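*Asks:* No sequence on hand, only this structure:
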């Protein structure tokens with residue numbers, strides 16, 4: 001484990017519904033960052049969540065020190081559709097950082113692309129709630 005986590009969706013503080021924020025207890029400081037990849041919206045009856053896969057685009061998010069966050073609880077929340085994998089992210093100040101991110105394991109053919117890689121912006125524009133609320 002790198003000691004850092006990159007969140008780009010429902011686990012970001014500005015997006016996380018109150019019940020999800022409880023999972024983030026113990027998380028260290030965060031700062032804006034981006035990672036190479038493509039982002040899609042998974043729209044389900046209980047809310048929307050993003051799916052990041054390898055690609056040529058940029059995905060916007062936040063990189064955090066893992067602190068004492070309960071990784072097992074985060075893994076359980078993310079479920080079998082995601083796997084926590086090491087990636088390289090670029091902080092807003094240009095620093096390259098090794099972190100882990102939850103990457104989507106499923107197909108993306110029926111998912112809505114988020115071309116600008118910003119799930120928070122997509123939620124605001126779509127008016128859809130984030131899953132977990």
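*Replies:* Structure's in. What do you need? The model shown is predicted, which means the values in this text are computed figures rather than measured ones.

*Asks:* okay, CA-based contacts and neighbour counts for the rest of this
*Replies:* OK.

*Asks:* can you pull the contacts of residue 90?
*Replies:* Residues in contact with residue 90, defined by CA atoms under 8 Å, 6 or more residues apart in numbering, are 33-35, 96-97.

*Asks:* In TSV, list the residues you listed along with neighbour count, secondary structure and distance to residue 106.
*Replies:* Listed next are these as TSV, based on neighbours: other CA atoms under 10 Å; DSSP: H, G, I helix; E, B strand; the rest coil; distance: CA to CA, whole Å:
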residue	neighbour count	secondary structure	distance to residue 106
33	24	strand	24
34	24	strand	22
35	28	strand	19
96	14	strand	28
97	18	strand	26
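
*Asks:* of all those, which comes closest to residue 111?
*Replies:* Nearest to residue 111 among the contacts of residue 90, counting by CA to CA, is residue 35 at 19.8 Å.

*Asks:* For that closest one, which non-adjacent residue is closest in space?
*Replies:* residue 89 (4.6 Å; CA to CA, 6 or more residues apart in numbering).

*Asks:* With residue 106 instead?
*Replies:* residue 81 (6.4 Å).

*Asks:* Longest strand in this structure, please.
*Replies:* strand 47-65 (DSSP state E).

*Asks:* Distance from that strand to the middle of the chain?
*Replies:* Offset of strand 47-65 from its chain centre (CA atoms, centre = their mean, to the nearest Å): 5 Å.
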